[in-house]
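In: Sequence first, predicted model second:
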Amino acid sequence: MTVLPDDGLSLAAEFPDATHEQWQRLVEGVLRKSGKEVSGEAAEDALSTKLEDGLTTRPLYTAPETVPDTGFPGFAPFVRGGRAEGNAASGWDVRQRIAGTDPVRVNDAALADLENGTTSLWLAVGDAGLPADGLSRALDGVYLDLAPVSLDPGAQYAEAARALLALYTERGVSPQDARACLGADPLGHEARTGEALDLAGAAALARETAAAWPHVRALAVDALPYHEAGGSAAEELGLSLATGVAYLRALTGAGLDAEAAFGQLEFRYSATADQFLTIAKLRAARRLWARIAEACGAPRAGAQRQHAVTSPVMMTRRDPWVNMLRTTVACMAAGVGGADSVTVLPFDQELGLPDAFARRVSRNTSTILLEESHLARVIDPAGGSYYVERLTDELAHAAWEFFQTVEKAGGQAAALRSGLVAERLAATWAERSKKLARRREPITGVSEFPLLSEKPVVREPAPAPLTGGLPRVRRDEAFEALRARSDAHLAATGARPTVFLAALGPAAAHTGRATFASNLFQAGGVTPVHDPVSVTPESAAAAYAASGADGMAVLCSSDALYEEQAEAVAAALRSAGATTVFLAGKPGTAAAAVDEYVFAGCDAVAVLSSVLDRMGVPS
C-alpha cells in the first residue's frame, strides 16, 4: 500500500510536468474538430483575443512571462498600491456622487448616503449642479471633519473652493482635519466644453491649499472626458499623464516645489465591466505616474491618489437593471486594482436623477464587496497573476507611447486645441462601433436578449451635462436609435414592426438559428413571430399570413434543409406577401432563393436600419 506524503497534496509528484508544447498539441486537436487546421503557436493564436491599443489577450500565461519588478505596496513604482496598508485597514473610500441644483434635496441625499454606508461625497457644483453659495445648505448636518468632500465644479472651481474652505473655517474644522479635493481641472473642463481656462488660477489655489490645508488637494486630473469620448484604456492613461504633467509645470512655475505639486493632484479613472483591463489600468497608472515623479526628482511623491468611477459609457438606457451587474463587476475591479476611492453610479444614471432605491443599491454594492466578499482584506489580490502582470506591463507601454505623442505635440492643451485628441479618440470609437454593430462586443439586454415588452423606467430630468468639447458616446447609442424608431411606430400604430421566422424542420435543426435571428431583430425593436409548428413548403404561406409580419420573413434551419426546402418555402412566402426573404446562416447558402442573410458577425445595425426603412418606419 502506498503511503501518502504528510501534506496529502503531492498526488502528482511522480508524474512529469506537462510542457507548453504538449498543451498546444491538445489545443490543436480541439481546433481540428471545429475545422481549423492549425498547429503550434498558430493554434494558440487562434484562441487569442485582440484588444484595443494593439494589445492581445493570450489563452494561457505561464511563469516564463517576464515583467518588471512590481515592488511592495507603498513603495515605488507603486504598482501594488500607493499606501503600505492599501485598503486592508478600512476598505476603499465609498464616494457617492450627487448631482442636483436644489441644496435642500442634495442635503437630503447626502445625509441618507452618509448614514447608510457612504464615506465621502462627490458634489456637482457650478453650471452642471449646485450653485457655489448653496454648498452651506447642501452640507448642513454633515460632519465635515469625518466625511471628505470632493467637488466637481467646472469653470466655477475658484468660487466653489472658497465656499467649501470658508465652510470648514465657519464650522470649526481645523485645517489638519479637513479632507477634500477641490476639483479644479481647467484642461478637463476644456475637454468637456471647448472653453479654455487659465491654469494660473488653479495654480494659485493649489499654492494656498498646500500652505494651509495639508490634506486638501486643489486639482483633479479627470480622465472621464476621454473615456466618455470613446477613448481606449491606454488613451485614457496617456491623456491623464499629459494633463498631470501640464499641472505640475503650472504649479512648480507658481512657486511650489515638486513634492508639494504632486501632493495637490488627484486622478479620476473609469472602471468598466472588463475587470482585468480595469485592474491593469489602475496598476499601470500608478507605475507611470511614479516614473514621472522619478523624472521630476520627487520619487517619494509618486504615489498616485486614485478615484475610480464606474463607466457611464457602459450604462444602458434599455433594460437598465442589468447596469447593477455591470457596476458590481466594475466596482470589484476598481477595488482589486487598488483605487483609493470608488464611485458606483446608480443603475438609472442615464435616465435622469437617480431615485432613492438606485442610490441605495449603488452604495450597497461597495458594502457587499467589502463586508461580505472581503475584497479589501488582501492588498493587490491580483498581484502575481501572470495575466494581470503582463497586461499591466503592456498597457503601461502603450499608454506611455501615447503620452509621448501628446508631449511631442506640445502638451495636453495644444493637443486638445489642435484636434489631435479628438481625432485620435474618434478613430478609436469608430473601430469599437464596428464591433458593437456586429455584436462582437455584446450588450446584454440591448444587442443580446432584449426585452421588447419591458416597461420604460422614468426618472426626473437631471441637470444638463456640460457640452461643446469632446463628444459623449454610449455603447448602446446605435441600438437605442433603432429602438426609438420602433417605440415611435408603436405609439403611432399600436404595434411594433414584425418579422416572420420560418422555422423549417425539427427543433434540433432550427432552434439555434431561430434564437439568433430572434435576438438580432429584437435588438432593433422588431418583434419576431413564428408558428409553433415547424413550417413546411405547404404551410409557409398560411403561417406567414397569420403572423401579421410587415413584409419580412427569415428562414431558420440547417444547411441541409435549406438545400432541400429553401427555394419552395421562399416562393410560398413571397406569394403570401413577403417582400424580402432573409436566411439565417452562411452567405451564399440557397443564394437563388433568398434576398439577404443574417449571420454571426453581420452588421446588425445596418441590417436592422434597412429593415425598418423597408417597413416604412420613420427615422
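Out: Yes, it's here. Numbers count the residues shown, from 1 in each chain.

In: so where's the protein uncertain?
Out: Where the chain drops to pLDDT under 70, the residues are 1-13, 64-65.

In: and Asp198, how many residues sit next to it?
Out: By other Cβ atoms under 10 Å, 10 other residues sit near Asp198. From N, CA and C alone the C-beta is placed, and that goes for glycine too.

In: Tell me the spatial nearest neighbour of it, not counting adjacent residues.
Out: Pro186 (7.1 Å; Cβ to Cβ, 6 or more residues apart in numbering).

In: Kindly provide the distance from that neighbour to Pro175.
Out: Noted for Pro186: a distance of 25 Å to Pro175, by Cβ to Cβ, to the nearest Å.

In: List the residues that contact Asp45.
Out: Contacts of Asp45 were listed using Cβ atoms under 8 Å, 6 or more residues apart in numbering, and they are Val38.

In: Looks to me like it is in a helix.
Out: Yes. Assigned with DSSP: H, G, I helix; E, B strand; the rest coil, Asp45 falls within a helix.

In: Show me which of Pro186 and Pro175 is the more surrounded one.
Out: With neighbours defined as other Cβ under 10 Å, Pro186 and Pro175 compare such that Pro186 has more, 25 against 15.

In: Surely the more buried one is in contact with Ala200?
Out: No. With contact defined as Cβ atoms under 8 Å, Pro186 does not count as touching Ala200 (9.4 Å).

In: Can you mark which positions in stretch 486-505 are buried?
Out: Buried residues in stretch 486-505, counted by 16 or more other Cβ atoms under 10 Å: 486, 489-490, 496-505.

In: and Leu248, what helix or strand is that in?
Out: helix 233-253 (DSSP states H and E).

In: Who's the closest spatial neighbour of Gly469, skipping the chain neighbours?
Out: Nearest residue to Gly469, sequence neighbours excluded (Cβ to Cβ, 6+ apart): Gly194, at 4.2 Å.

In: for that neighbour, phi and psi?
Out: Dihedral angles of Gly194 (phi, psi; degrees, to the nearest 10) stand at phi 80, psi 0.

In: so how many other residues sit close to it?
Out: A count of nearby residues for Gly194, using other Cβ under 10 Å, gives 15.

In: How much space separates it from Thr428?
Out: Computed as Cβ to Cβ, the Gly194 to Thr428 distance reads 20 Å.

In: about what we covered before: save the buried residues of stretch 486-505 as JSON lines, and put in distance to Thr527 and secondary structure too.
Out: Compiled in JSON lines, the buried residues of stretch 486-505 are given as follows (distance: Cβ to Cβ, whole Å; DSSP: H, G, I helix; E, B strand; the rest coil):
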{"residue": "Ser486", "distance to Thr527": "9", "secondary structure": "helix"}
{"residue": "His489", "distance to Thr527": "11", "secondary structure": "helix"}
{"residue": "Leu490", "distance to Thr527": "10", "secondary structure": "helix"}
{"residue": "Arg496", "distance to Thr527": "5", "secondary structure": "coil"}
{"residue": "Pro497", "distance to Thr527": "7", "secondary structure": "coil"}
{"residue": "Thr498", "distance to Thr527": "5", "secondary structure": "strand"}
{"residue": "Val499", "distance to Thr527": "7", "secondary structure": "strand"}
{"residue": "Phe500", "distance to Thr527": "10", "secondary structure": "strand"}
{"residue": "Leu501", "distance to Thr527": "10", "secondary structure": "strand"}
{"residue": "Ala502", "distance to Thr527": "15", "secondary structure": "strand"}
{"residue": "Ala503", "distance to Thr527": "16", "secondary structure": "strand"}
{"residue": "Leu504", "distance to Thr527": "20", "secondary structure": "strand"}
{"residue": "Gly505", "distance to Thr527": "23", "secondary structure": "coil"}
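
In: who touches stretch 579-598?
Out: Here stretch 579-598 has contacts from 513-514, 516-517, 520, 551-556, 559, 562-563, 566-567, 569-571, 573-574, 599, 604, 607, 611, 614, using Cβ under 8 Å, 6+ apart.

In: Quick one, which of these are buried?
Out: Buried members of the contacts of stretch 579-598, counted by 16+ other Cβ under 10 Å: 513-514, 516-517, 520, 551-556, 562, 566, 569-571, 573-574, 599, 604, 607, 611.

In: follow-up on the earlier one: check contacts around the residue nearest to Asp198.
Out: Here Pro186 is in contact with 157, 196-199, 201-202 (Cβ under 8 Å, 6+ apart).

In: Just the buried subset of these, written out for PyMOL, thanks.
Out: In PyMOL, this line selects whichever of the contacts of Pro186 come out buried by 16+ other Cβ under 10 Å:
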select buried, resi 157+197+199+202
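
In: Mind picking the two most distant members of the contacts of Pro186?
Out: Using Cβ to Cβ, the two most remote members of those are Tyr157 and Ala196, lying 14.2 Å apart.

In: separation between Phe75 and Glu389?
Out: Distance from Phe75 to Glu389, by Cβ to Cβ: 17 Å.

In: Please name the residues that touch the spatially most central residue of the chain.
Out: Nearest to the mean C-alpha position of the chain, by Cα atoms, centre = their mean, lies Thr272 at 3.3 Å. Listed by Cβ under 8 Å, 6+ apart, the contact set of Thr272 reads 278, 310-311, 313-314, 326, 330, 333.

In: Just the buried ones from those residues?
Out: Buried among those (16+ other Cβ under 10 Å): 278, 310-311, 313-314, 326, 330, 333.

In: From those, which land in helices?
Out: Judged by DSSP state H, the buried ones among the contacts of Thr272 include 278, 326, 330, 333 as members of helices.

In: quick check, nearest of these to Val149?
Out: When these are compared against Val149 (criterion: Cβ to Cβ), the nearest one is Ala330, at 23.3 Å.

In: Please report the distance of that closest one from Ser557.
Out: From Ala330 to Ser557 the distance is 40 Å (Cβ to Cβ).

In: likewise Thr56?
Out: Separation of Thr56 from Ser557 (Cβ to Cβ): 37 Å.

In: Counting neighbours, go ahead and name the busier of those two.
Out: Ser557 (28 against 11).

In: Disregarding residues adjacent in the polypeptide, which is nearest to that one?
Out: Using Cβ to Cβ, 6+ apart, the nearest residue to Ser557 is Leu504, at 3.7 Å.

In: Hmm, the one you found is touching Ala560, no?
Out: No. Using Cβ under 8 Å, Leu504 is not in contact with Ala560, being 10.2 Å away.

In: can you map out the helices along the stretch 101-250 of the chain?
Out: For the stretch 101-250 of the chain, the helices defined by DSSP state H, counting those that start in this stretch occupy 103-115, 135-138, 157-170, 186-193, 199-212, 224-228, 233-253.

In: Can you name every helix or strand that the first one contacts?
Out: Packing partners of helix 103-115 (3 or more Cβ pairs under 8 Å, 6 or more residues apart in numbering; DSSP states H and E): strand 93-98, strand 120-124, helix 135-138, helix 356-367.

In: residues of it that come out buried?
Out: Here helix 103-115 shows 103, 106-110, 113-114 as buried, counting by 16+ other Cβ under 10 Å.

In: Turn those into TSV, including distance to Thr527.
Out: Formatted as TSV, the buried residues of helix 103-115 follow (distance: Cβ to Cβ, whole Å):
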residue	distance to Thr527
Pro103	47
Val106	42
Asn107	46
Asp108	42
Ala109	39
Ala110	44
Asp113	41
Leu114	46
